[in-house]
Every structure is written in structure tokens, then in C-alpha cells.
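Trainee: Pasted the sequence and its predicted model underneath.
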Amino acid sequence: MQFPPWTEEHAQLRDTVKQYAINELAPHRFDWDKAGEYPAREVFKQLADLGCLGIRFDPEYGGLGLDWWSTVAFIEGLSHCRNAGLMMSILVDTDMATPIISEIGTDEQKREFLAPTITGEKIAALGVTEPGAGSDVANIRTTAKRDGDDYVINGQKTYITNGAIADYITLAVRTGGEGHGGISLVLFPTDTPGFSVGRKLDKLGTRSVDSCEIHFDNCRIPRRNLLGHENAGFLYIMQNFQGERLVAGIMAYTGMEIAVADAIKYGQERQAFGRPLASFQVWKHKFAEHLAAIEAAKALTFQAVQKIESGQDPTKLVSMVKLHCGDLAQRVTYDCLQIHGGYGFIEEYDIARQYRDVRLLTIGGGASEVMKEIIWKWHSLGG
């Protein structure tokens, strides 16, 4: 059996997205990073025209109804935009804020929110993190109190990718008592009175997309915007995290592949002491180790994808992917910058931006320390 089980359709999808990323996105990567934004509406419409905003979603709502391997192909191709902020913005929309709508949303919710997202008419964000609750999701404080046929929402969120551009937010709120048993998910339109965008946070990396503080002041939305069952949101979030963390692993290994290829090319061209840098044993051995480690990371990631495709619980494997790929990316990117010497410290080289961007991989979507706790828990239970 070929692994991963690529078909001609998978390869065609990856190549189409790769050429789009190289020709239409990558040329703007420096300008968009400096500006702190990109033309999101235009990019999402282009991706919709390519059929990339609903890869795994039901064709009844405009999706393609394809498998997780197609998502792998999409992300591998998109990585050639060489801009992690842009990728983060897109993947929050396609693989973090919307899969849960596809899985548990009502027909009405899918037609109101999911379908126009697939066509690029609406942009989605995911609203979970708060100033006092990051990886500790059970501690969120934003409330949604029933008032007749409505919920009235008060509170704030932070580090919200797409927060300033989203048309709606898949929002975690507290509808019950303390702890994980009192959390729900709702679909929150950002044109709701009382909603406001606060600071756009000045980040170390992923600068092409906003990460915002957002505020809710007596915001009233209909109770029909509740996703799934009330007070079951913690379970839904944990399920949703599996896709988010797997996406992070795919982003990590594709980014590493590009960075290593760039570094080796630079090392073959750059002369030191009368010969190319890449001809020195210290660099040959270092990149040999990295090439082997990246292949191992890909194999682990593909194993997790196969687990999801087979309908089994992927939590342990996905947590390993998130931990291993995120941590490995830090070491690989460090060495890719190091071989560039002083040029690696200059913004005109891709490696400088990637060195900043990659740091998020061990933090966002669950910190590496949390992944270790999950892995150990599953191991202890014999999972």
C-alpha cells in the first residue's frame, strides 16, 4: 500500500494550490507582513473559486466531500506561499472554526454560516482563548445567559486570529456552572450590537493576519445559534482541537521541508574558506539528521491522519504530532537560520520571518506542555 495513499486527484489538488500560492500569494509575503494585513476578501474568494474552502464538507452546502488526505494536499501546496500568518488566517477559517459546524450544526446553521464560508462570502474565526484561559479551556469566563429565545453574551476573548475581519465567530461561552460542564458553543455574527474589536496585538510572528482582543457587551443572539447541546461545548472543543492540532503538524513539516531546501541551496552557493558551506561535514551531518527527522515527523503525522480516516480516536497520536513537529520545527529552523549567518538575521530572507513564525507552533492550539500531559494520560490508561 502506498503511504500516504495519494491518488491523482490528491496530487492535482496539491499542485494546483502550490502554483496558486507561488504565483499569487508568495510575491506579496514581505509587504503583507510589514502591513500587518492582507486582502482577505480577495484571497478567500480566489480560494473558493479553486474549491479549497470546503474540502471535507458536504456537497449539499457547497463542499467537495473529500477526505483528510485532501486537506493534507491542500496544506502542503499552500505552504509555498511562505507566509505562516496568511496560512493561519486561511486554516482558522477552513479547519478550526468551521468543521464543528459541519459535524454538529443544524441544516439552518449550515446554510446561514457554513455555505457562505465555503463560497468565500463569509470569513470565520474561532473564539476560545481569554486573558485568563488559554490551554485551560474549562476556565473560560465569557457568559451567555438565556433571556427568552435569546442568549445575552458578556465577556472578552484574546489572541483571536481573524478577529478584525471575521463575519462570525465560533464562540465558546459559559452557559452553566463552573468547570468544563458549563461550556457551550454558539455561532456569533460580528455585526451584533455590543460587539467590538479591541487591540490588534503586536506579535512576534504571523504578522500578516490580525490577532485581536474582542469584547462582548450585552450582545444578544438567538438561541437557535447554539451549536449542538447546551453545556456540551467542552467536549466539542476537545474534538475540534484534534483537527486544529493535526493542521499545525502538517504546517510544521511542510515549513521545515521548505526551510531546509532553502538552507541547503544557500549553503551550496555561499563560499567560506575557499569552498561551499554545505561541503563542510558539520553541515552535511546536521542536515542529514534534519532530513531524517522530518521524514519521521511526516510518518507520524500520516499515521494520525490515517487514524482519523479510519474513524478511530486520534487524540494520543495527534497530541504526539503536535508535540513532536512543533518542537522539531524550532531546532530545524534554528539551524536553517544559522547556516545563513548574518543574512539569516536580515528581513529580506525568508528564514528570518519563518524563525519568528515557527515559535507559535509550540504554543497555539495547546502548548507542548499540555500535549505531554495528554500523551502521558493516554499512555497510563493503556491507550
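Mentor: Nice, thanks for sending it over.
Trainee: what does the worst-scoring helix or strand of the chain on mean pLDDT rub up against?
Mentor: Evaluated with mean pLDDT, DSSP states H and E, the helix-and-strand set of the chain has its lowest mean pLDDT in strand 271-272, which scores a mean of 92. Contacts with strand 271-272, where a contact means C-beta atoms under 8 Å, 6 or more residues apart in numbering, come from 277, 280. Every C-beta, even on glycine, is put in place using the N, C-alpha and C of the backbone.
Trainee: now stretch 155-166
Mentor: Everything outside stretch 155-166 that qualifies as a contact, by C-beta under 8 Å, 6+ apart, is 40, 88-89, 92-93, 97, 123-131, 134, 141-143, 169, 171, 173, 190, 197-198, 200-201, 206, 209-216, 364.
Trainee: Could you rerun that using 7 Å?
Mentor: By C-beta atoms under 7 Å, 6 or more residues apart in numbering, the residues outside stretch 155-166 that reach it are 40, 88-89, 92-93, 123-125, 127, 129-131, 141-143, 190, 197, 200-201, 209-216.
Trainee: same check, this time on stretch 41-52
Mentor: Contacts for stretch 41-52 (C-beta under 7 Å, 6+ apart): 16, 17, 20, 24, 53, 64, 74, 90, 118, 119, 120, 123.
Trainee: got the residues you listed as JSON lines, with neighbour count, secondary structure and pLDDT columns?
Mentor: As requested, the contacts of stretch 41-52 are exported to JSON lines (neighbours: other C-beta atoms under 10 Å; DSSP: H, G, I helix; E, B strand; the rest coil; pLDDT from 0 to 100):
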{"residue": "16", "neighbour count": "16", "secondary structure": "helix", "pLDDT": "97"}
{"residue": "17", "neighbour count": "24", "secondary structure": "helix", "pLDDT": "98"}
{"residue": "20", "neighbour count": "21", "secondary structure": "helix", "pLDDT": "98"}
{"residue": "24", "neighbour count": "13", "secondary structure": "helix", "pLDDT": "98"}
{"residue": "53", "neighbour count": "26", "secondary structure": "coil", "pLDDT": "97"}
{"residue": "64", "neighbour count": "18", "secondary structure": "coil", "pLDDT": "97"}
{"residue": "74", "neighbour count": "30", "secondary structure": "helix", "pLDDT": "98"}
{"residue": "90", "neighbour count": "25", "secondary structure": "helix", "pLDDT": "98"}
{"residue": "118", "neighbour count": "26", "secondary structure": "helix", "pLDDT": "98"}
{"residue": "119", "neighbour count": "15", "secondary structure": "coil", "pLDDT": "98"}
{"residue": "120", "neighbour count": "22", "secondary structure": "coil", "pLDDT": "98"}
{"residue": "123", "neighbour count": "23", "secondary structure": "coil", "pLDDT": "98"}
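Trainee: Kindly reformat the residues you listed as JSON lines containing distance to residue 164.
Mentor: Supplementary listing: the contacts of stretch 41-52 in JSON lines, determined by distance: C-beta to C-beta, whole Å:
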{"residue": "16", "distance to residue 164": "30"}
{"residue": "17", "distance to residue 164": "26"}
{"residue": "20", "distance to residue 164": "25"}
{"residue": "24", "distance to residue 164": "23"}
{"residue": "53", "distance to residue 164": "20"}
{"residue": "64", "distance to residue 164": "29"}
{"residue": "74", "distance to residue 164": "25"}
{"residue": "90", "distance to residue 164": "15"}
{"residue": "118", "distance to residue 164": "22"}
{"residue": "119", "distance to residue 164": "21"}
{"residue": "120", "distance to residue 164": "18"}
{"residue": "123", "distance to residue 164": "10"}
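Trainee: Show me the helices in the stretch 251-383 of the chain, by range?
Mentor: With DSSP state H, counting those that start in this stretch, the ranges of helices along the stretch 251-383 of the chain come out as 281-309, 315-339, 350-357, 368-380.
Trainee: Now mean neighbour count, distance to residue 101 and mean pLDDT too, for those helices, in a markdown table please.
Mentor: Conversion of the helices of the stretch 251-383 of the chain to a markdown table gives the following (neighbours: other C-beta atoms under 10 Å; distance: least, C-beta to C-beta, whole Å; pLDDT from 0 to 100):
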| stretch | mean neighbour count | distance to residue 101 | mean pLDDT |
| --- | --- | --- | --- |
| helix 281-309 | 17 | 18 | 97 |
| helix 315-339 | 22 | 20 | 98 |
| helix 350-357 | 21 | 28 | 97 |
| helix 368-380 | 15 | 25 | 95 |
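Trainee: got TSV for the ones you listed, with distance to residue 70 too?
Mentor: As requested, the helices of the stretch 251-383 of the chain are exported to TSV (distance: least, C-beta to C-beta, whole Å):
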stretch	distance to residue 70
helix 281-309	11
helix 315-339	18
helix 350-357	25
helix 368-380	26
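Trainee: This completes my enquiry, with thanks.
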